Each structure stands twice: as C-alpha cells, then as structure tokens.
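> Provide a 3D model corresponding to the input given below.
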Amino acid sequence: MIQMLYSPRRIPVLCRGEVVVAGAGVAGVAAAIQAARANRRVILLEKNNCAGGILSSGLLPSVIHMSDGEHLLASGICREMVDRVAGAMNRPANYCWFNAHPEAVKRVLDEMLSEAHVTVLYNVHLCDALTEKGRIRAAVVMTPNGLAAVGGKIFIDATGDGLLAMLAGAPFEYGAAADGEVMAPTLCSYFTRINFDAVPEKRRENGLGRKEWQAAMTEGRAPLAEGHFVGLFRNGPDSGTGNLGHIYHTDVLDPFSLSHACVEGRKQAWIFRDFFRKEVPGFEQAELSATAGLLGVRESRRVMGEYVLNEEDYASRRHFEDEIGCFAYAIDIHSGIADIARQANVEPAIAARSYARGENYGIPYRALLPRQTVNLLTAGRCISTDRAMQSSIRVVPGCMITGQASGVAAALALGRRQSLRRVPVAQIQELLRRGGCYLP
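Just a heads-up that it's a prediction; the model follows:
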C-alpha cells in the first residue's frame, strides 16, 4: 500500500453553535429540533441536500411500529412528523404502519427545522473531528470552498455510521462477531403509473408483489435469487415505493463495496420493474421513476457506550432507571449473504421473537454516551447496542426516540453547565414527558 502524508493546515471556522448535530436523518432531525426548542443554538450538518435521510433521499416506504399495540411509544417528534406528513399527503396517519411520500417528508422536515430555528447546512461532508482529551472542539467538514470547521459545545452523532464518534476516538463494533457478516443493504425505488383499482382492495397498501414473487421462486422462474422479498408500498393515487431486493456480500464501510452496491441496486430496480409489469396485476404500465439517492444501509458501526443494550435485554423486556424511551420492534436481522434458506427464514424468525401486545423494552440513557469521549452523544442506529439490538432500534421510530432524548440531554447539560454524565436523568425524563414522549 502506498502511504501518503497528510499535512495539517489551518482550517477556517465556518460557524459555531452550542449543539452541533452530525447527520440530518430522522434521528438527527429529532435531536436538532428538540435542542432548538429548548432555546439552544443548533447547527445541523448533512451530506445530502435535504433532511430525512433514508425516509426521504433513501425512498424508504414506511414508518413502522411506532406502537406496541397499547402504548404509542414514538409519541414525541416522531408522531408530530407523521401527523404532518399525513396532512401534507391528505391521508390519515397510521401509527402501526404509515406509508410516507418522500417529497412530503422533505417539505415537512424543512418546515419543522425552520420553525425551531435550526441552522441547517446541506451538502457538507464530515471529514474529521478536532479533539482534545476526549472533548470535541470542532467538526471538520468539506464544503464547496474546501475544508472548514464547525465549532460547538456539545456534539451529537446521528450519522448512522457512527462516523463522528469514530473520528473522535470512541470504540465501536461492526458486523457479526464470528465472521464480520453485515446485513445486506437495499436500494429502494419509486414507481408510478400503477393502476391500484386492479389490485384487490386488501392488498393495495402494503407488500405488493409478495404473493407473485413467492410463486415465481417456487416455480423456479424468478429473475433473481431472492428469498426475502419485502414488497412495494403505496404512497399516492398511482405511485408506490419498493423495498425490493438485497445487495448481498456488501461491506458498507468499504468504499469500493459500497459503490458496487449502488450500481447493483440500480440494476435490480429495472429487473423488479419488468417482473411487476409481467406478473403483478395493475402494474402493466408501471414506470420506474427513480431509484434512491441514498443506499438503504441496515447495519453499520455500533458505538460502544456506558451501557450496551443487548439481546438479553430484549428477551427479558428489561427496563432501566435511566431509560429515555421504550421500543418494541422485533429483532430483525436480514441475511448478509446469498443463501436462499437463510433469507427465507428472516420473517419467520421475526415472528417467532415478536413481543405480545403491550410489551416493550427500555432504552437507557447510558447507551447514548460513547466511551472515551466527554461532550458527545449518539442517536439513531449507531447507539451502544449489540448486533441483535441494533437490528431492532434501527427503524425510524427507534431512531427518533433516541434522537429526541439526545437533544433533551444536550440542552439540559448546557443549561446546568454540567457534563453529559452528570445531568440528572430524572430531569431528562421529565422534559421528555413534557415533549409528549412515552415513558412508563
């Protein structure tokens, strides 16, 4: 390998805030809005040109499992977002399974961030963290004018990949312990010119194409060897988004593997378009209108914190004195390799381990506090968990629950001039309840 020397140079300061949030996916948005509503100066950094992450740029079809069947667990900013997106789409909100249009998500999040007076910087790429004895002084970003520093007092890593935490020196884990396997990502796709009148009414909203794909697999005529077919989900009068296919054997932290996955995902989208046109009633004239601008990554770094939320916690429905939220989505580990039997077993495994109505587990505040850091919180997929629990917490409501909690903790620490580890958890919980969040 050729080694190249990096020469440190003076980096201009672009701006300063009290709270700097890296990543404007749903976790980062919740963190930024919550901290800004507490009258903190918040800067939100995002590599894409809009907020929402996987729910907007990534064309994720649905917000799922906000509730455990009895309690609305994602009852804070997540519910507010879903209610407002539903209003923009002129359709009722559904807290079990809500199909969101990506453009409605973008519009609503723009409005919510503006109303909260969050300073949003789009099209900036996180490059480095300037640290001193575990304390982040500034995040270094690439802008159209080159490198620049964004200073802050408290930082929140909502990058999904745990990138800021890694750059700041926090320990992390990645993939399966035995062999490093990582769940396969998906490049979602957007379809139009669908005739939903030709689709049986009970099947119009969710999981279109599943029945037909299963038949094609059984009969040996499926165009791809895919044993875990999620389906297409309606989000408009003649449109829907597809959570279709998996790109197996992908290492999402390897830039070459990641680039290959994007190309492969686009190839798959055309294959699925042809399959739907041929096999699924109502799709005879369907058009593939877009593929996602953001790869749907399911698994990345897990930043190790003061507590590691683990599979035993899930099995025992464990709750904690310092919990900042509750969640109930099942352990959902997609196969990372091209093994049809393993792929086909994913959904039966989810069903076998799903909670009964009204059951949930707690998320401790300690899981948001990365080790070996002073002024950093995590939110979303990269919080401190084992692999099994990351597969549960990674969906939109879980990410927004942890994001809102990190925003509360950051604002409180600043207000009390205390370290993140000395903020009274009872006060975090009280402010979360005031913000509409569910805590038992």
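> only C-alpha atoms for contact and neighbour calcs from this point on.
Will do.
> And the contacts of the helix or strand encompassing residue 88?
Here residue 88 is covered by helix 77-89, with elements defined by DSSP states H and E. Residues from elsewhere that reach helix 77-89, judged by C-alpha atoms under 8 Å, 6 or more residues apart in numbering: 30, 92-93, 95, 98, 100-101, 104-105, 108-109, 236, 397, 400-401, 404, 435-436.
> Report the distance from that helix to the chain centre.
Chain-centre distance of helix 77-89: 17 Å, with C-alpha atoms, centre = their mean, to the nearest Å.
> buried set for it?
77-79, 81-86, 88-89 (16 or more other C-alpha atoms under 10 Å).
> Mean confidence (pLDDT) on that helix, please.
Mean per-residue pLDDT for helix 77-89: 98.
> packing partners for the helix or strand just after that helix?
Counting by DSSP H and E, the next helix or strand C-terminal to helix 77-89 is strand 97-99. Under the contact criterion of 3 or more C-alpha pairs under 8 Å, 6 or more residues apart in numbering; DSSP states H and E, strand 97-99 touches strand 62-64.
> I'd like to know how many residues surround residue 288.
17 (other C-alpha atoms under 10 Å).
> what's the helix or strand for it?
strand 287-291.
> Sheet-wise, list the partners of the helix or strand following that strand with their directions.
Later in the chain than strand 287-291, the nearest helix or strand by DSSP H and E is strand 302-303. Neighbouring strands of strand 302-303 in its sheet, by DSSP bridges, are strand 172-173 (antiparallel).
> contacts for the partner strand?
Taking C-alpha under 8 Å, 6+ apart as the rule, strand 172-173 contacts 166, 301-304.
> State the mean pLDDT of that strand.
98.
> What average pLDDT does the helix or strand following it get?
For strand 172-173, the following helix or strand on the C-terminal side (DSSP H and E) is strand 189-192. Strand 189-192 shows a mean pLDDT of 98.
> The residue lying closest to residue 194 once chain neighbours are set aside - how many residues pack around it?
Nearest non-adjacent residue to residue 194, counting by C-alpha to C-alpha, 6 or more residues apart in numbering: residue 238, 4.7 Å away. Other residues lying near residue 238 total 16 when counted by other C-alpha under 10 Å.
> For residue 106, what is the enclosing helix or strand?
helix 102-115.
> brain fart, residue 350
Counting by DSSP H and E, residue 350 is part of helix 346-353.
> circling back to that earlier point, can you redo the buried residues of helix 77-89 as TSV, where the extra columns are distance to residue 287?
Listed next are these as TSV, based on distance: C-alpha to C-alpha, whole Å:
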residue	distance to residue 287
77	34
78	31
79	32
81	29
82	27
83	29
84	28
85	24
86	25
88	24
89	21
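> re earlier: which positions in the strand holding residue 288 come out as buried?
For strand 287-291, by 16+ other C-alpha under 10 Å, it's 287-288, 291.
> now, which of these sits nearest residue 223?
For these, the minimum distance to residue 223 (C-alpha to C-alpha) is 16.9 Å, reached by residue 288.
> which residues in the stretch 251-400 of the chain form helices?
255-279, 311-315, 340-344, 346-353, 387-393, 396-416 (DSSP state H, counting those that start in this stretch).
> can you list contacts of the second one?
So the one you mean is helix 311-315. 361, 386, 388-389.
> Can you list the low-confidence ranges for the chain?
Along the chain, segments meeting pLDDT under 70 span 1-9.
> OK, contacts around residue 240?
Residues counted as contacts of residue 240 (C-alpha under 8 Å, 6+ apart) are 61, 190-192, 194, 232-234.
> Okay, and the beta partners of it?
The partner residues for residue 240, given DSSP bridges, come to residue 191, residue 234.
> please renumber so the chain begins at 20
Sure, I'll start counting at 20 from here, so that last one is residue 259.
> for the nearest residue to residue 379 once chain neighbours are set aside, what are its contacts?
Of all residues not flanking residue 379 in the chain, residue 347 sits nearest, at 4.5 Å (C-alpha to C-alpha, 6+ apart). If a contact means C-alpha under 8 Å, 6+ apart, then residue 347 has 84, 86-87, 374, 378-380, 411 as its contacts.
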